[in-house]
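Trainee: Dropping a prediction and its sequence here:
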Amino acid sequence: MNGLERKWNVESSNSAKNAINPIRRIVDKGGFKPNPNKPTISLSIGDPCVFGNLNILDYANDLLIENIKSNKFNGYPPSTGYEFAREAVAKYVETPTSKLTSKDIVIASGASGAIELAIGVLLNEGDNILVPKPGFPLYECTSKTKFINVKHYNLLEKQEFKVDLEHLKSLIDDKTKAILVNNPSNPCGIVYSKQHLLDIIEVAKQYCLPIIADEIYCDLTFGEHKFYPMASLTDKVPILSIGGIAKRFLVPGWRLGWVAIHDRDNIFLDGKVIEGLVSLSQVILGSNSLVQSILPKLLDPQNTQVQEWCSTITKTLESHSKLTVDMLSKAHGLKPVHSSGTMYQMIEIDCSKYEDIADDNEFVGKLLEEQSVFLLQGTVFSLPNFFRIVFCAPIDKLTEAYQRMIEFCEAHKKK
């Protein structure tokens, strides 16, 4: 090389440097140490399997074992998923006003993989996407690895975390290419009304922007709160809806999600969005073949065994949410937000009530160090002076954790 000595020049890519998922960073690495004299109770991560009390029904496991033994699903599936699996998803997510076929479904590696496909197909480097604040950090993490700019539209915490529509509109410019809506909401645990969804859709229609609808928690709603698929409410705005089996069937590790393509007036077709989704799916060759193999029976709405089990799980989570509100309403300085779905509860902290706690980061850190209860601070979701609880643990564990939190609040109460 012209007499010059070659030197090693190896470093992480800019894409990798942008891949910061604050939830995983806290959960995987942590910055605080629990009290060694008390067993840790972790209510931090949205994995319903942590404590072993919530498990998929045996029927699904038996189907999977049967298909493993058949040796029919050991090879590569098509990158978009087996046609019979996509057909099952299409029937599962379609609505009377938004009919789908297998060609409208792309199966992905979990809902997070589906989100990556949806963002990747609609936006280029330098474009921007509108995402909720507070919201799930993965939206921003995924976008930044693709050098896509993120703009956060506000959710109104005093109005059941509804979208601030005026603020949403103020963020739109000629580089805005999509609006991402999360309903039911992580971390807020809120289910939007039909009218509010129509109001959001009207903004998308006015500015000719497609919607990415993250609806992974669509089956986990409580009481009278009803979920409305966004695609069922419009015949003008094209929508990519995100779903999967992780939450409803308590199997996040099975890694199966999907993008459902709800085109309108061939907007996606003419823009080669559908073709683009197929191309992007070919990068990692789709989702797990064995899990796909059981979808026709697992997602069959006429399968009463599955439907009854799902109903039981939802009622269990609703009872856990009620316990959370009942107990933590008694904690000095805490104000639970009523959850209308999902597996999450947001709790507001009034730091002025405490002697030595300045913010949510300090609250969560000291709680772990003193009481060995592990929560996620609201700052992770861009909602300071709140924290999020995942209420999937058994009732006895939740009760113990909440009692420790009540004691913690009393210990730090302003004298």
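Mentor: Everything's here; your move.
Trainee: quick one: contacts for the closest residue to L250 other than its chain neighbours?
Mentor: Closest residue in space to L250, ignoring its immediate chain neighbours: P48 at 4.7 Å, by Cβ to Cβ, 6 or more residues apart in numbering. In this view, the C-beta of every residue, glycine as well, is placed from N, C-alpha and C. Residues near P48 by Cβ atoms under 8 Å, 6 or more residues apart in numbering: 54, 247, 250, 252, 343, 392.
Trainee: what do you get if the cut-off is 6 Å, keeping everything else the same?
Mentor: Contact analysis of P48 by Cβ atoms under 6 Å, 6 or more residues apart in numbering lists 54, 250, 392.
Trainee: contacting residues for the first one?
Mentor: Looking back up the chat, that one is L54. Contacts of L54 by Cβ under 6 Å, 6+ apart are 48, 250, 392.
Trainee: Check the second one too.
Mentor: Listed by Cβ under 6 Å, 6+ apart, the contact partners of L250 are 48, 54, 56.
Trainee: One more pass at 10 Å, please.
Mentor: Taking Cβ atoms under 10 Å, 6 or more residues apart in numbering, we find L250 in contact with 47-49, 54-57, 60, 309-310, 313, 343, 392.
Trainee: Which ones among the residues you listed map onto helices?
Mentor: Judged by DSSP state H, the contacts of L250 include 60, 309-310, 313 as members of helices.
Trainee: quick one: low-confidence parts of this protein?
Mentor: Within the chain, the ranges that satisfy pLDDT under 70 run 1-3, 22-31.
Trainee: how deep is the spatially closest residue to D199 that is not a sequence neighbour tucked in, by neighbour count?
Mentor: Leaving aside its sequence neighbours, D199 sits nearest to L165 (Cβ to Cβ, 6+ apart; 5.9 Å). Each residue near L165 was counted by other Cβ atoms under 10 Å, and the total is 16.
Trainee: Just want to check the distance between L165 and D396.
Mentor: From L165 across to D396, the span is 43 Å (Cβ to Cβ, to the nearest Å).
Trainee: and if you look at L122?
Mentor: 46 Å.
Trainee: With neighbour numbers in mind, choose between these two.
Mentor: Neighbours were counted for L122 and for D396 using other Cβ under 10 Å; L122 has more, 23 against 10.
Trainee: On the three-state scheme, the closest residue to the more buried one other than its chain neighbours is what?
Mentor: Nearest residue to L122, sequence neighbours excluded (Cβ to Cβ, 6+ apart): A178, at 4.8 Å. Following DSSP: H, G, I helix; E, B strand; the rest coil, we place A178 in the strand state.
Trainee: Would you check that H412 makes contact with A358?
Mentor: No: judged on Cβ atoms under 10 Å, H412 makes no contact with A358 at a distance of 11.3 Å.
Trainee: between these two, what contacts are shared?
Mentor: C351.
Trainee: Contact partners for the closest residue to D104 other than its chain neighbours?
Mentor: Excluding the flanking residues, the one nearest D104 by Cβ to Cβ, 6+ apart is I261, at 4.5 Å. If you count contacts by Cβ under 10 Å, 6+ apart, I261 has them with 90, 100-101, 103-106, 118, 121, 231, 238-241, 268-269, 273-274, 277.
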